[in-house]
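Colleague: No letters, just coordinates:
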């Protein structure tokens with residue numbers, strides 16, 4: 001498996017796109033994943049899903065949202081106060 005840096009370098013070379021704003025897309029992806037997992041967790045908690053793995057989604061959602069928020073604050077794209 002390639003490292004994140006190697007994968008990003010390969011993507012930039014193949015696509016011809018700059019990766020200057022990659023943090024924006026990582027924050028967006030983490031937030032979207034948190035939303036999707038929250039939906040599954042809510043169904044599980046309400047009894048609408050029977051997959052026991054969904055019981056752990058609550059903590060995963062919180063962690064994913066925390067990581068999105070942290071990157072949004074520390075990214076070089078974040079506005080300076």
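Modeller: Received, thanks. The structure presented is a predicted model; accordingly, all values stated were derived computationally and were not measured.
Colleague: So residue 65 sits against residue 34, correct?
Modeller: Yes: here residue 65 lies in contact with residue 34, judged by CB atoms under 8 Å, at a distance of 4.5 Å. C-betas here are computed from N, CA, C, even on glycine.
Colleague: Between those two, point out the one with more neighbours.
Modeller: For residue 65 versus residue 34, the count of surrounding residues by other CB atoms under 10 Å is larger for residue 34: 22 against 17.
Colleague: shaky segments in the chain?
Modeller: Low-confidence segments of the chain, defined by pLDDT under 70, are located at 78-81.
Colleague: which non-adjacent residue is nearest the most centrally placed residue in the chain?
Modeller: By CA atoms, centre = their mean, the mean C-alpha position of the chain lies nearest to residue 30, the distance being 1.6 Å. In space, not counting the residues next to it along the chain, residue 30 is nearest to residue 68; the distance is 3.7 Å by CB to CB, 6 or more residues apart in numbering.
Colleague: Also residue 12?
Modeller: Distances taken as CB to CB, 6+ apart put residue 19 closest to residue 12, at 5.2 Å, once the chain neighbours are dropped.
Colleague: and the residue nearest to residue 30, what helix or strand is that in?
Modeller: In this assignment (DSSP states H and E), residue 68 forms part of helix 57-74.
Colleague: Show me which residues of the lengthiest helix in the chain are buried.
Modeller: Ranked by number of residues, the top helix in the chain under DSSP state H is helix 22-45. By neighbour count, and taking 16 or more other CB atoms under 10 Å as the criterion, the buried residues in helix 22-45 are 22-23, 26-27, 30-31, 33-34, 37-38, 40-41, 44.
Colleague: Check stretch 66-78 too.
Modeller: When neighbours are counted by 16+ other CB under 10 Å, the buried residues of stretch 66-78 are found to be 67-68, 71-72.
Colleague: and which of those residues is nearest to residue 15?
Modeller: residue 71 (21.7 Å; CB to CB).
Colleague: And the closest one, how far from residue 41?
Modeller: Separation of residue 71 from residue 41 (CB to CB, to the nearest Å): 22 Å.
Colleague: again, but for residue 30
Modeller: Distance, residue 30 to residue 41, using CB to CB: 16 Å.
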